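A.B. asks: got a sequence here, can you model it:
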Amino acid sequence: MNTSPRVPQPSGPRRTSARLRIPALLTALLTSLAVLLPLTAASASAAADSTVVAWGANSRGQANVPAGLTGVTQISAGYDFSLVLKSDGTVVAWGDNSVGQTAVPPGLTGVTQIAAGGAHNLALKSDGTVVAWGDNSLGQAAVPPGLTGVIQVAAGDSHSLALKSDGTVVTWGGFAHVPLAVPAGLSGVVQISAGYAHSLALKSDGTVVAWGHNGFHQVDVPPGLSGVTQIAAGYNHNLALKSDGTIVAWGQDTYGQSTLPAALTGVVQISAGYEHSLALKSDGTVVGWGDNTYGQTIVPASLAGVTQIAAGGLYNLALSQPSTVGFTQASTTLGEEAGTVQVSLTRTVTAFTSTVGYAVTGGSADGSDVTLPPGTVSFAPGQSTADIALTVTDDGLREGDETLTLTLSTPSPGTELGPQSAMTVTVTDNDSPASPGTAPKAPKAPKVPKVDTLIRTSGSGYTGDNLYGRTSAAAQTATATVHRDLGVAGHAGAVALGRRPVSLRTFYVRIANDGTARATITVKGGAAPSGLRVRYYAGRSNVTAALRSADGLRVKLAAGAHRRIRIQMLISPDIEIGSVKQVAVSAAPAGDAAQADTVRAAVHVIR
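C.D. replies: I've put the predicted structure just below:
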């Protein structure tokens, strides 16, 4: 490699290498600022099924993933050693230990984020403090006394960065002759990344600030660069991910590490190594480019369902976690008058796109009874549920009850079929008895709509089933807990927007027509109380204005059908501890407010 001009190597006890050491890139911030992906209970519980995959150089055992390693939630790759965070808040390391970089401090727990550097590591704890170990020849592992309120860390070759909850950056360590000090007045930072001897900061307005060694123009941010949602600093090059899923690269390009593959789009995460680069796409696949001396850009052919990537010195790590898809119910019964009904599917891991095929594979019902041509269901990143529209025909024939079997098939790479991959639907006859000589049916009761409104948090089951006509005072309530210190990483849903950290909580309202007739249903949602920003969504459409209007949102539902409304709450960090904030959602047949059924979404603020 052309190393001129080169930053001189420091003297000290650390092992020298034919190549200089590289920082691992931050892997904790997996979602961009433009897209918030709430962690579902299913994806959290599935953490033990995640698999760490390594490829590339292995001279120090950095690619030898320990046997039996489970429960991994985060990965970070150093120059020639690896670091992972487990769901219980502990850390595991392997590879080169020449300066103690894989000797995790005894008793280290409560960790919420990790960062591996050239030969040292940083661990962010849930209380906002930082623990460091490994090489300290230039003070890179000497955490400043009294450093608290940290929400993110990044480790370079010989320097360290910490992002505080107020949007400012603290740095320590580094070469004396390289300007590693944070630029004066830098604020509004939402993400940091550390290179060999330079640093990057992403601001809340989508712009990037760079400082430090500039021998390869790595701190010369491209003019006009904006709309950035994620940054990654490599040895002497940088990557920036934009909100449209494209990448911008600059700095050293000796091995093509800054030359992007043609038509690379749909990217959700980036990572920059020594002289190579990685991108994770929305379909859970990985793309690599740049130096391939040790096979570091040849992604394993079988690698799919990837949720995180980390580029190290001359090798890579990936966290793979297949998403399991299945029907939410094993069986259901519908009347002939049901019309179009939504059959629900759910999946466990939501980090990437999944698709699955479906078809009617058996049963006594035929095309005159049920309409459901074969098709494919798609889950977008962040989406945990999807529906299949099944239409039941009221044929007027005297016949017995009929059944059909729905079966899932052909899952996309990284997606698996769960144990509930088939569903039985029974269609009950509403006409006169089919058997001769039997008594005629009693006159049918008038067909009427009946609204049932249910609610759940993103990690719980629905409440309020078969409870009708609940007023606001008697409404079924789903409650989510929010920690008062929203700026501390580790509290699920914590995210920095601008200079103020807020927390996101998601609720789902299921509005069902349990009656016997089609109905137009009016749905109304309450305004946000103080300290909350509340948005309502139907699918991907923002329907907040409609729900808050005097007329409400009008939804047409066949008997037995349902519709989902998603509630997203952004909670201010200024809310008083102990307070409970809530909004109500009601649904009623149009023109008949007396039949309204109401549920509430509540957040309880604790310390």
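
A.B. asks: Q62 contacts N97, doesn't it?
C.D. replies: No - judged on CB atoms under 8 Å, Q62 makes no contact with N97 at a distance of 10.7 Å. In this view, the C-beta of every residue, glycine as well, is placed from N, C-alpha and C.

A.B. asks: what about these two, which has more around it?
C.D. replies: Q62 (27 against 16; other CB atoms under 10 Å).

A.B. asks: show me which residues of stretch 119-138 are buried.
C.D. replies: Using 16 or more other CB atoms under 10 Å as the test for burial, stretch 119-138 gives 119-126, 128-138.

A.B. asks: and for stretch 350-367?
C.D. replies: For stretch 350-367, the buried set under the neighbour-count rule, 16+ other CB under 10 Å, comprises 350-356, 358, 360, 363, 365.

A.B. asks: who's in contact with I575?
C.D. replies: Residues touching I575, when contacts are defined by CB atoms under 8 Å, 6 or more residues apart in numbering, comprise 482, 484, 531-532, 581, 605.

A.B. asks: my error: substitute V131 in the last question.
C.D. replies: Applying CB under 8 Å, 6+ apart, we find V131 in contact with 105, 108, 111, 122-123, 125, 143.

A.B. asks: and the helix or strand harbouring V555, what does it pack onto?
C.D. replies: In this structure, V555 sits in strand 553-557 according to DSSP states H and E. Contacts defined by 3 or more CB pairs under 8 Å, 6 or more residues apart in numbering; DSSP states H and E place strand 553-557 against strand 500-513, strand 519-525.

A.B. asks: now tabulate the ones you listed in TSV and tack on mean pLDDT.
C.D. replies: Listed next are those as TSV, based on pLDDT from 0 to 100:
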stretch	mean pLDDT
strand 500-513	79
strand 519-525	89
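
A.B. asks: any chance you could map the strands in the stretch 1-150 of the chain?
C.D. replies: According to DSSP state E, counting those that start in this stretch, the stretch 1-150 of the chain carries its strands in the segments 51-56, 72-77, 81-86, 91-95, 111-116, 120-125, 130-134, 150-155.

A.B. asks: most neighbours out of the contacts of I575, which is it?
C.D. replies: With neighbours taken as other CB under 10 Å, the top of the contacts of I575 is V482, carrying 23 neighbours.

A.B. asks: helix, strand, or coil at the residue lying closest to P411 once chain neighbours are set aside?
C.D. replies: In space, P411 comes closest to V356 once its chain neighbours are excluded; the distance is 4.9 Å by CB to CB, 6 or more residues apart in numbering. Remark: V356 carries the secondary structure label strand [criterion: DSSP: H, G, I helix; E, B strand; the rest coil].

A.B. asks: surely V356 touches F327?
C.D. replies: No - with contact defined as CB under 8 Å, V356 does not reach F327; the gap is 10.6 Å.

A.B. asks: what's the overlap in contacts for these two?
C.D. replies: With contacts taken as CB under 8 Å, 6+ apart, the residues that reach both V356 and F327 are 345, 408.

A.B. asks: any low-confidence regions in the chain?
C.D. replies: Low-confidence regions of the chain, defined here as pLDDT under 70, cover residues 1-48, 176-177, 179, 366-368, 395-399, 430-448, 465, 469, 472, 484-502.

A.B. asks: quick check: phi and psi at A338.
C.D. replies: Backbone dihedrals for A338, given as degrees, to the nearest 10, come out at phi -60, psi -30.

A.B. asks: could you find the closest non-adjacent residue to it?
C.D. replies: Excluding the flanking residues, the one nearest A338 by CB to CB, 6+ apart is G560, at 4.0 Å.

A.B. asks: that neighbour and K125, how far apart?
C.D. replies: With distances taken as CB to CB, to the nearest Å, G560 is found 50 Å from K125.

A.B. asks: go on, P381?
C.D. replies: With distances taken as CB to CB, P381 is found 29 Å from K125.

A.B. asks: what's across from the residue nearest to P411 in the sheet?
C.D. replies: Beta bridges link V356 to V377 when assigned by DSSP bridges.

A.B. asks: could you do L557 as well?
C.D. replies: Counting by DSSP bridges, L557 is bridged to A519.

A.B. asks: and for it, the neighbour number?
C.D. replies: Counted with other CB under 10 Å, the burial measure for L557 works out to 25 neighbours.

A.B. asks: quick one: strands adjacent to the host helix or strand of N238?
C.D. replies: Taking DSSP H and E as the definition, one finds N238 inside strand 237-242. According to DSSP bridges, strand 237-242 has the following sheet partners: strand 228-233 (antiparallel), strand 247-251 (antiparallel).

A.B. asks: all helices of this structure, in order?
C.D. replies: According to DSSP state H, the chain carries its helices in the segments 41-45, 544-548.
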